[in-house]
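# Test case, fold it:
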Amino acid sequence: AYATNGHKSPLLFDKIAKISLPRLHEFNPQGLANTLWAYATMGHSSPILFNKIADASLLIITEFNSQELANTAWAYATMNHLSCVLF
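Predicted structure coming up:
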């Protein structure tokens, strides 16, 4: 909702990243892609989160649908974040 409405909240996004990191194994493809999309839409850089999402995504990449793949690629490109694991 914050990203959709363009409401910047850096402290919230930093806290979400910190809390999400140890739980990424619980995320499904949509959750991973939506998280990336929200950060990229807000232009909120979180390199550690993006790196860890790449690792988590690789484990279940065959479960991603076309929209989740496109959103993931878009987020990494938008944030100019290189992921040798995914790309």
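# before we move on, what SS does A77 have?
helix (DSSP: H, G, I helix; E, B strand; the rest coil).
# quick one: it and F87, what's the gap?
9 Å (C-beta to C-beta, to the nearest Å). Heads up, the C-betas are built off the backbone N, CA and C, glycines and all.
# In which helix or strand does the closest residue to F27 other than its chain neighbours reside?
Excluding its sequence neighbours, the residue lying closest to F27 (C-beta to C-beta, 6 or more residues apart in numbering) is A56, at 6.5 Å. Using DSSP states H and E, A56 sits in helix 47-60.
# With L82 instead?
Counting by DSSP H and E, no helix or strand carries L82.
# Could you count how many residues lie near it?
14 (other C-beta atoms under 10 Å).
# and the spatially most central residue of the chain, helix, strand or coil?
Central residue of the chain (C-alpha atoms, centre = their mean): L36, 2.1 Å from the mean position. With three-state DSSP as the basis, L36 sits in helix.
# Make 687 the starting number, not 1.
Sure, I'll start numbering at 687, so the last one becomes L722.
# Return the residues in contact with it.
Counting by C-beta atoms under 8 Å, 6 or more residues apart in numbering, L722 touches 736, 739, 757-758, 761-762.
# Tell me which two of the residues you listed sit farthest apart.
Maximum pairwise distance among the contacts of L722 (C-beta to C-beta): 13.2 Å, between F736 and N757.
# count of neighbours near F773?
Other residues lying near F773 total 11 when counted by other C-beta under 10 Å.
# So it versus K704, what's the distance?
Per C-beta to C-beta, F773 is found 25 Å from K704.
# cool, and Y725?
Going from Y725 to K704 by C-beta to C-beta gives 13 Å.
# Name the residue in those two with the higher neighbour count.
Taking other C-beta under 10 Å, Y725 and K704 do not tie; Y725 has more neighbours (23 against 12).
# Show the contacting residues for the more buried one.
Contacts of Y725 (C-beta under 8 Å, 6+ apart): 689, 699, 703, 731-732, 735-736, 761, 765.
# What helix or strand is it located in?
Short version, using DSSP H and E: Y725 is in helix 715-728.
# pLDDT of that helix, averaged?
Averaged over helix 715-728, pLDDT sits at 96.
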